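Trainee: Coordinates for the following, if possible.
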Amino acid sequence: MSPINRLYTLVFTLLLSVNFAFSQTEEQRKYVFENNHEIENFILSSGTTEALSTHFHSEYTYYDIYLDTPDFLLLRTKLSLRFRKRITDDKKRPITYGFQLKSEMDSLNSVRMEIEETELDFYMVKSDTGWVPLPTLLDSLFEHYDKHPDQPESENIVKTIQLIESWIQFKAEGAIAPFQRLRHLGFVIREIQSLRPVTCGKTIRRRSHIYASAEQSEQLNLERNRKKTGDLPKFFKKNPGHNWLLESSLDLAVFYPLYTSKEHVARISEYEVENKFFQPEIGRQVLEIYEAELIAKFRAIPKMDSKYKQAMELFGEER
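Mentor: You can find the predicted model right below:
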């Protein structure tokens with residue numbers, strides 16, 4: 001299937017996939033800034049704009065390995081596929097792993113397709129010395145590129161990558177959610193089996209609630225966000241007068257190529273804002289108010305590209 005026909009298949013599938021379960025994130029918008037220092041100070045100080053308030057509540061660390069075919073077929077068809085390790089403040093599960101397929105945003109108001117396999121702890125990979133948990137292999141790559149990104153890949157790292165590729169080849173026809181969706185989108189087994197790690201990186205994510213005080217809600221003529229009490233973050237349970245509207249993440253990321261490329265590092269800074277209001281259309285209006293203030297106050301520039309696409313462009317992959 002040609003890349004053009006495959007793209008048509010992807011669009012058609014996204015429109016007609018009601019019989020196939022997948023999760024969608026809320027509406028999101030992303031921004032970059034001329035002065036990252038200004039927006040960092042705003043986030044860390046729980047700053048306010050004229051219409052809205054923010055509350056910085058946590059800092060997470062993510063490690064990612066993105067996969068693609070030798071001819072970068074996912075990149076060309078506006079998809080990304082990654083292994084992710086999350087380190088959060090969740091006391092029950094502070095470390096989790098996921099395997100996630102996403103589509104690129106095609107407009108500033110679009111909702112991305114998102115398919116995730118969440119339980120990677122159960123997968124084992126056969127090595128010369130026995131069975132190895134898949135997360136252990138991922139951790140070997142994460143640790144190497146976190147601590148020694150400028151050092152050549154050791155024999156152990158090369159073997160680790162080969163073992164991850166062997167898992168992909170073995171599971172390509174199986175019930176792994178991202179692989180199932182790729183097959184449904186028209187990818188053939190040999191294309192899925194050819195997937196291999198192409199970049200590894202680390203992201204520091206600073207999370208903030210965006211809300212309206214009782215006075216701000218009145219000025220904006222907003223009713224209360226009708227979220228179940230159990231779905232509300234702790235901050236809003238403690239401050240019932242505050243109206244939860246949006247959630248934001250300031251991401252500072254660095255990626256390294258796992259293949260010969262023009263550049264040896266990609267540094268990415270972006271700010272993502274997500275609609276959390278129970279009425280999506282009203283939430284979008286609030287998001288647009290916040291966006292206008294970001295542009296006026298910090299000279300924000302709207303951005304659509306995923307981190308994967310940005311990193312690959314910085315590495316010199318023009319698609």
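
Trainee: So what touches stretch 79-87?
Mentor: 10, 60-68, 74, 94-104, 120, 135, 138-139, 142, 178, 182, 195, 306-309 (CB atoms under 8 Å, 6 or more residues apart in numbering). The C-beta positions use only the backbone N, C-alpha and C, and glycine is treated the same way.

Trainee: Flag the shaky bits of this protein, pLDDT-wise.
Mentor: Applying pLDDT under 70 to the chain flags residues 1-26, 107-111, 318-319.

Trainee: Among the contacts of stretch 79-87, which ones are in helices?
Mentor: Counting by DSSP state H, the part of these found in helices is Leu10, Leu74, Pro135, Leu138, Asp139, Phe142, Pro178, Leu182, Lys307, Tyr308, Lys309.

Trainee: before we move on, back to that, any chance of a PyMOL selection covering the buried ones in the contacts of stretch 79-87?
Mentor: To isolate the buried ones among the contacts of stretch 79-87 in PyMOL, judged by 16 or more other CB atoms under 10 Å, type:
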select buried, resi 10+60+62+63+64+65+66+67+68+74+96+97+98+99+100+101+102+103+104+120+135+138+139+142+178+182+195+306+307+308+309
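
Trainee: Max pairwise distance over the ones in helices among the contacts of stretch 79-87: which two?
Mentor: Leu10 and Asp139 (32.1 Å; CB to CB).

Trainee: export the one helix or strand Glu281 maps to as CSV, just CAs?
Mentor: Applying DSSP states H and E as the criterion places Glu281 in helix 280-298. These are the backbone C-alpha positions of helix 280-298, laid out as CSV (Å, rounded to 0.1, in the frame of the first residue of the first chain):
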residue,chain,number,x,y,z
PRO,A,280,-16.4,20.5,25.5
GLU,A,281,-17.6,23.5,23.6
ILE,A,282,-17.6,25.8,26.6
GLY,A,283,-14.2,24.3,27.6
ARG,A,284,-12.9,25.2,24.2
GLN,A,285,-14.0,28.8,24.6
VAL,A,286,-12.1,28.9,27.9
LEU,A,287,-9.1,27.4,26.2
GLU,A,288,-9.2,30.1,23.6
ILE,A,289,-9.3,32.8,26.3
TYR,A,290,-6.3,31.2,28.0
GLU,A,291,-4.5,30.9,24.6
ALA,A,292,-5.1,34.6,23.8
GLU,A,293,-3.6,35.5,27.2
LEU,A,294,-0.6,33.2,26.6
ILE,A,295,0.0,34.9,23.3
ALA,A,296,-0.3,38.4,24.7
LYS,A,297,1.7,37.7,27.9
PHE,A,298,4.4,35.3,26.8
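
Trainee: what about whatever helix or strand comes next after it, distance to the chain center?
Mentor: Next in sequence after helix 280-298, counting helices and strands by DSSP H and E, comes strand 301-303. How far strand 301-303 lies from its chain's middle: 16 Å, per CA atoms, centre = their mean, to the nearest Å.
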